[in-house]
Structure formats: structure tokens, C-alpha cells
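# When you get a sec, could you give me coordinates for this:
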Amino acid sequence: MRKILFILTVLSLFGVNVFAQKTIYKTGNVIQISQNDTLTSDLISASRFLNINGYISGDAYSASREFTLNGRVKDDIIVVGQDLQLNGVVGDKFIGVAGDIIITGNVEGDVIVFAGNVIIKPSAHIHGNLFVGSGNLDFQGGHIDGWIRGGSDQTYLNGNVGKYVDLSAGDIKFGTSYKSTGGTHLKLYKEVNTQNIPNAPSNLIITIEHESQFIKPVFLLWSLFAMFVTGLVLLLLFENTFDRLITETGKHLFRNTGIGLLAIIIIPLLFIAFLLLLFTIPIAFILIFLYLITLYFSWIITALYLGKYLISNFKPESDITHLYWSLGIGSIIVFFLTNLPYLGWIFSILFLAFGTGSILAYIWNNRYRTE
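Here you go, the predicted model:
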């Protein structure tokens, strides 16, 4: 639950500008903002490839397999994808969830990234802070004016940090150009002698973290079993509905993920707006109740889809493709991926967005269905 609350807080805090000005919606296989193009509004897009070579005067929200910024976005960028590359200028915050994120350009606000690999090139300049959750953090050089916080399994630090570094890491290496004005605090899971770390800074502090040997494993197993039992009950009651939902979901993966990401951002803002209007407070609580249920069901939807996809590829003609088997196998996959060290955040956000978007798209597409 703490993981979900953190994700919601991060996404909702930076989603306020969605309502601030008019918005352009774009979908398709390839979306291109040419070098001489200027969008005087926010951009919301879902595509396989998004290339921004021009200028966007508002925010950019995207679900794209490959995202490339060579131009300039005046305000925030929030993007979910496979490969993200920032070569241009971001006028405010950048929030990214992807397999690989490469930053070579200029970000004038904070950077919050969850990825398998995060690479910061020597030409990069982040004027704010960097929060990272990744399998590999490769800080090859460049400047970060604020602090670095978060966690990464394989970590390489070789740039300038204006404030401090506070990271959880599995393995750490320092380059000859690394400098952190406010000190470097690393939380490691194994004993290490600082004298055996080449180029270690003089202000390095290492803390050894010891994970719980009982409480955490028991809680994780309970959460896995609870998700499976909940999904089992839902299948017993609504098997045909879930069968249609999973079938439709497989046709629009990126679109559904984009819809889910926007919903995760917008609904908490609607909740706050309804609270402020006073007379709509009951609607606000009904909305947030349905929202939290949808988030939890998104894990189950993702588990069903992953399980069915995996089984159908290995045994396409077998009776094992039944949804109950898909739920069991998919639950294990979701449980494993979301609890990977450093990478779990990435899969958690992707699964929340994908499952939420799939549910909302199905409800919308079948709003007139009577049988």
C-alpha cells in the first residue's frame, strides 16, 4: 500500500496543469512534431513512436514505445515507454517510466525516473533534483544542481552534484570526475571497505541495511495469496466478462497504458476538486473508493493478461489457456516483477497504468451493452 500511495502522490502532484489550458490529443503509429512546428497547448499522445523536434508551450503526456525529445517542452513531461531519450530542453519537471532512459539535454526542474537503465551523459544538466529507481544508474558526467535520491542496483557516479547523494545500491563505482558538495550517503546490503573502492570521495558514508528475515516475506506471500483469491472469486462470478476484457486488452496495449496513466493522474485531482466544492463531498468519496478498487483490480487484470499471453504462446491449443490457470501463473509473474530490487517500481507503475486503462477502456467500449 505504501508503494501505491507513493506512486499516486508523485503522479498527482505533477498533473495539475492538465486542466490549466487546452489540450491536443494525438494517437497513431508515429507522431512527429517537426523542428519548425509549435504547439501552443498541452500534448497528450499514445503511439509507438513520438519524436518532438519542435516546441510545445505546455506539458507533454505520452505513452510511447520510443520517445525522443530533440526540441523543447516549456513545462512538464510525463511519459511511459520502452526507450526514452532526452536530447532537448524540458522547461520544468520530467517524469519517466521505461526500460531505458538516456538524458543528454537540459532539464530545468526535477527528474523522477523509474527504469531498467538510467544513463546521464556528460552533456546533461539537471537544474533540480534527481529521484531514481533503476536496475542500473550510469551517471557518466554532467551536472545535477540539486540532490540525488532513490535506489539502483549497479551504480556508477562520475558527475557533479550540487547538494548531496543519498542512494540505496547493490554495487557502487566512482569515476575520477565525481563530486558531491553535500556529501555521499550510500545504503548497501553487504559490508564493504571504502579503501577498496577506487575514487571514493572523502565525504562518503556507508550504511549497511539488514532486511527483515520474517515479516517482509510473510507479508509478500500474504499479498500474493490475497490477490489470487480475490481474482478467483471475481472469475467465478464474472468469468465471461473477464474473458472479453482480456481479449480486448491485448489489441490496445499502449493505448490502454496511456489511458491508465492519465486516469491515475487526473482522478485524484478530481477528488480534491469535489472536496473543495463542499456540496460534492459525497461524490468525492465515492470517486476515490471506486478509484482504489480499480487500482487493486488492475493487478488482477495484468496478471490475467500476462498469464494468458504466456500460456497461449507455449500451448496455443491446450485447455490450460483457461483463465484460472492464467490467473495463477500471471499472479506469480506480477508478484515477482513488482518485488524485484530497484526495478519493482517500474513494473508497479506500468501494471497500474495498464490494468487501470484496460478496465476504463472496456467499460467505455461496452457502455451500451445490455447482455
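
# and the end-to-end length of stretch 69-80?
Chord length of stretch 69-80, first to last residue, is 14 Å (CA to CA, to the nearest Å).

# ugh, typo on my part, it should be stretch 173-184
Start-to-end, stretch 173-184 (CA to CA) is 12 Å.

# Can you give the contact residues for that stretch?
139-141, 147, 155-165, 197-201, 203-205 (CB atoms under 8 Å, 6 or more residues apart in numbering). (Glycine included, C-beta is placed from N, CA and C.)

# for the record, mean pLDDT for stretch 105-116?
When pLDDT is averaged over stretch 105-116, the result is 92.

# How far off centre is that stretch?
12 Å (CA atoms, centre = their mean, to the nearest Å).

# Bridging across strands, which residues link to K173?
When bridges are called by DSSP bridges, K173 pairs up with Y156.

# just checking, L43 touches I24?
Yes: using CB atoms under 8 Å, L43 is in contact with I24, at 5.4 Å.

# More neighbours: these two, which one.
L43 (22 against 13; other CB atoms under 10 Å).

# what's the first-to-last distance across stretch 68-85?
End residues of stretch 68-85 are separated by 5 Å (CA to CA).

# After the helix or strand containing Y61, which helix or strand is next? Please name it.
In this assignment (DSSP states H and E), Y61 forms part of strand 60-69. In the C-terminal direction, the helix or strand that comes right after strand 60-69 (DSSP H and E) is strand 72-73.

# List the contacts of that next one.
I52, Y55, I56, G58, D59, A60, G88, V89, V90, G91.

# centre of the chain versus it, how much separation?
For strand 72-73 - counting by CA atoms, centre = their mean - the centre lies 21 Å from the chain centre.

# and it, average pLDDT?
According to the model, strand 72-73 has a mean pLDDT of 96.

# elements contacting the helix or strand that comes right after that strand?
As assigned by DSSP H and E, the chain's next helix or strand after strand 72-73 is strand 77-86. On a contact count with 3 or more CB pairs under 8 Å, 6 or more residues apart in numbering; DSSP states H and E, strand 77-86 meets strand 60-69, strand 94-103, helix 253-276, helix 344-365.

# orientation of strand 77-86 relative to strand 60-69 in degrees?
0 degrees (axes from the mean of the first three to the mean of the last three CA atoms, to 10 degrees).

# and L278, that's in a strand?
No: counting by DSSP: H, G, I helix; E, B strand; the rest coil, L278 falls outside a strand, being coil.

# Just the pLDDT at it, thanks.
74.
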